[in-house]
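>>> Give me the fold of what follows.
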Amino acid sequence: MPGRENEIAREIVDAAYKIHVGLGPGLLESVYEAVLSKELERRGLEVRRQVAVPIAYDGLQFEEGFRADLIVGDCVLIELKSVEKVLPIHKKQVLTYLRLLDMRLGLLINFGEVLIKDGISRIANGLIDETL
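Presented below is the predicted three-dimensional model:
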């Protein structure tokens, strides 16, 4: 359904804001993952945590791929951080994950920021970017 990614992304951003206000910055990534997952489920969204994603290369399949922190509604990937500063490689990582999963939208959320709005990056893989 067109626009589903953007609708889900808005819910994710709202939930991340609520959590950041409630818990504050600087906790372990795993804490934010657990709390965000439950908050999104409470909002009626399907959430999968630590989803194993195998890598295909040159006709071979490798199970030693990566683990997506959260996949919401089977259409939005969330990579969580709790660091002082997001680096360009973190955004590239999300884009690579999106390409490997053949997904269109990812959110990189850094709960380490003082203001959560400064910690949310939207990464699109062939998706027309709309304002959240």
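>>> switch to C-alpha atoms for all contacts and neighbour counts from now on
Fine.
>>> quick one, longest strand in the chain?
Identified as the longest strand of the chain according to DSSP state E is strand 60-72.
>>> Helix or strand: which one has the residue nearest the centre of the chain?
Nearest to the mean C-alpha position of the chain, by CA atoms, centre = their mean, lies Ile78 at 0.9 Å. For Ile78, the host element (DSSP states H and E) is strand 76-81.
>>> do the same with Ala15
Assigned by DSSP H and E, Ala15 falls within helix 4-23.
>>> just the CA coordinates of that helix, formatted as PDB?
Below are the C-alpha coordinates for helix 4-23, written out as PDB (Å, rounded to 0.1, in the frame of the first residue of the first chain):
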ATOM      1  CA  ARG A   4       2.300   2.900   4.400                       C
ATOM      2  CA  GLU A   5       6.000   3.400   5.100                       C
ATOM      3  CA  ASN A   6       5.400   7.100   5.800                       C
ATOM      4  CA  GLU A   7       2.400   6.500   8.000                       C
ATOM      5  CA  ILE A   8       4.400   3.900  10.100                       C
ATOM      6  CA  ALA A   9       7.400   6.200  10.200                       C
ATOM      7  CA  ARG A  10       5.300   9.000  11.700                       C
ATOM      8  CA  GLU A  11       4.200   6.500  14.500                       C
ATOM      9  CA  ILE A  12       7.800   5.500  15.100                       C
ATOM     10  CA  VAL A  13       9.000   9.000  15.400                       C
ATOM     11  CA  ASP A  14       6.200   9.900  17.800                       C
ATOM     12  CA  ALA A  15       6.900   6.800  19.900                       C
ATOM     13  CA  ALA A  16      10.700   7.600  19.900                       C
ATOM     14  CA  TYR A  17       9.900  11.100  21.100                       C
ATOM     15  CA  LYS A  18       7.700   9.900  23.900                       C
ATOM     16  CA  ILE A  19      10.300   7.400  25.000                       C
ATOM     17  CA  HIS A  20      13.100   9.900  24.900                       C
ATOM     18  CA  VAL A  21      11.100  12.400  27.000                       C
ATOM     19  CA  GLY A  22      10.300   9.600  29.500                       C
ATOM     20  CA  LEU A  23      13.600   7.900  29.800                       C
END
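>>> Cool, thanks, talk later.
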